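# no sequence on this one, just coordinates:
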Ligand code: COA
């Protein structure tokens with residue numbers, strides 16, 4: 001399953017996808033994004049995968065954003081195409097039925113942080129820096145950063161990070177809600193797998209529907225958001241897993257979910 005750009009590990013209910021580009025600080029290249037799209041298509045209908053952890057090789061960078069060396073040799077058309085595939089890939093992560101956990105093993109900058117923002121959860125290693133430096137490069141965060149960052153941490157804090165390009169460390173990121181856990185030195189994989197494991201033991205349809213309820217309801221007015229939540233809830237009522245959960249409770253055992 002592993003390709004040239006990503007190492008894919010399959011564990012019980014969880015896949016770990018590791019960007020295999022340490023020498024370029026796991027920067028986003030065309031090949032790397034193309035392979036991400038292939039992996040997303042592969043797991044979309046795979047009920048055995050309940051949670052995906054995205055991380056990077058090494059301890060320097062989770063992902064240093066766009067591959068600026070590759071970018072320098074691209075035509076305007078190629079930049080345009082690449083940018084579209086980047087946006088599609090990040091939207092694919094967000095819309096996937098599985099929960100995605102970004103395990104930030106090192107710097108998450110520009111498109112790297114935007115990829116992490118498309119994930120449902122973010123955990124960071126101690127000492128990790130993150131930021132959106134695009135305005136210093138004559139562009140703006142254009143792969144969802146200006147949209148997802150304010151949704152994650154609020155408008156004022158998001159604008160501060162976007163307009164200054166300032167990098168924040170793990171502790172500050174935790175305080176502002178940009179990440180939900182900080183792992184001690186050497187403990188990132190354990191923390192990420194612990195979080196992923198807690199997600200993966202739940203009913204797959206519930207995970208999918210809960211994601212859709214939160215993401216789809218966030219900017220609707222109150223009544224529309226409640227109606228949206230109800231629609232997501234109704235889909236769970238039809239599942240065998242809901243019946244299995246009630247049976248397991250009565251029989252004082254753990255439920256065995258199949259995703260049906
Ligand atoms: N694209 C392509 N190559 C990159 C890169 C990127 N975004 N970021 C780093 N690299 C390359 C460097 O050019 C260098 O290559 P070389 O060995 O051929 O010179 C190698 O990765 C190591 O970079 P270095 O800066 O020495 O690593 P570091 O561990 O000291 O720092 C970062 C890592 C990520 C903090 C730092 O590289 C950085 O700030 N990168 C730029 C981030 C950025 O502005 N991204 C664009 C956002 S739009």
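Yes, it's here. These numbers come from a predicted model, not from an experiment.

# Can you name the residue of the stretch 151-260 of the chain nearest to the ligand?
residue 167 (8.4 Å; C-beta to the nearest ligand atom). Bear in mind the C-beta positions are built from the backbone N, C-alpha and C, glycine included.

# For the closest residue to that residue other than its chain neighbours, give me phi and psi.
Using C-beta to C-beta, 6 or more residues apart in numbering and skipping the chain neighbours, the partner closest in space to residue 167 is residue 131 (3.6 Å). Dihedral angles of residue 131 (phi, psi; degrees, to the nearest 10) stand at phi -180, psi 170.

# so what's residue 131 up against?
Applying C-beta atoms under 8 Å, 6 or more residues apart in numbering, we find residue 131 in contact with 108, 109, 110, 113, 161, 165, 166, 167, 168.

# That one pairs with what?
Bridge pairing for residue 131 (DSSP bridges) gives the partners residue 109.

# follow-up on the earlier one: tell me which residues touch the residue of the stretch 151-260 of the chain closest to the ligand, please.
Here residue 167 is in contact with 107, 109, 129, 130, 131, 133 (C-beta under 8 Å, 6+ apart).

# ok, and the most crowded of these?
Within these, most neighbours by other C-beta atoms under 10 Å means residue 130, with 26 neighbours.

# and this structure, which residues reach the ligand?
Proximity of the chain to the ligand is confined to 24-25, 27, 60-61, 64-69, 107, 109-111, 133-134, 137 under the rule C-beta under 6 Å from any ligand atom.

# Please report phi then psi for the residue in the stretch 1-150 of the chain positioned nearest to the ligand.
Residue of the stretch 1-150 of the chain nearest the ligand, by C-beta to the nearest ligand atom: residue 110 (2.4 Å). Backbone torsions for residue 110, taken as degrees, to the nearest 10, come to phi 50, psi -130.

# just the contacts of residue 167 now: which is nearest residue 52?
Using C-beta to C-beta, residue 130 is the member of the contacts of residue 167 that lies nearest residue 52, at 19.9 Å.

# tell me which residues of stretch 150-169 are tucked away?
When neighbours are counted by 16 or more other C-beta atoms under 10 Å, the buried residues of stretch 150-169 are found to be 150, 152, 153, 157, 158, 161, 162, 165, 167, 168.

# Kindly report the same for stretch 24-34.
So, applying 16+ other C-beta under 10 Å, buried residues of stretch 24-34: 24, 25, 26, 27, 28, 29, 30, 32, 33.

# how close does the fifth one get to residue 203?
Which is residue 28. Look at residue 28 and residue 203: by C-beta to C-beta, to the nearest Å, they are 33 Å apart.

# what does the model give the nearest residue to the residue of the stretch 1-150 of the chain closest to the ligand once chain neighbours are set aside for pLDDT?
Spatial nearest neighbour of residue 110, chain neighbours left out: residue 65 (2.8 Å); criterion: C-beta to C-beta, 6+ apart. In this model, residue 65 is scored at 96, pLDDT.

# neighbours around residue 65, how many?
27.

# now swap in residue 16 and tell me
Residue 16 has 21 neighbouring residues, counting by other C-beta under 10 Å.

# quick one: which helix or strand includes it?
strand 14-19 (DSSP states H and E).

# Tell me where the stretch 101-250 of the chain has strands.
107-109, 121-125, 129-131, 168-169, 181-183 (DSSP state E, counting those that start in this stretch).

# The shortest one - contacts with which helices or strands?
Contact analysis of strand 168-169 by 3 or more C-beta pairs under 8 Å, 6 or more residues apart in numbering; DSSP states H and E lists strand 129-131 as its packing neighbours.
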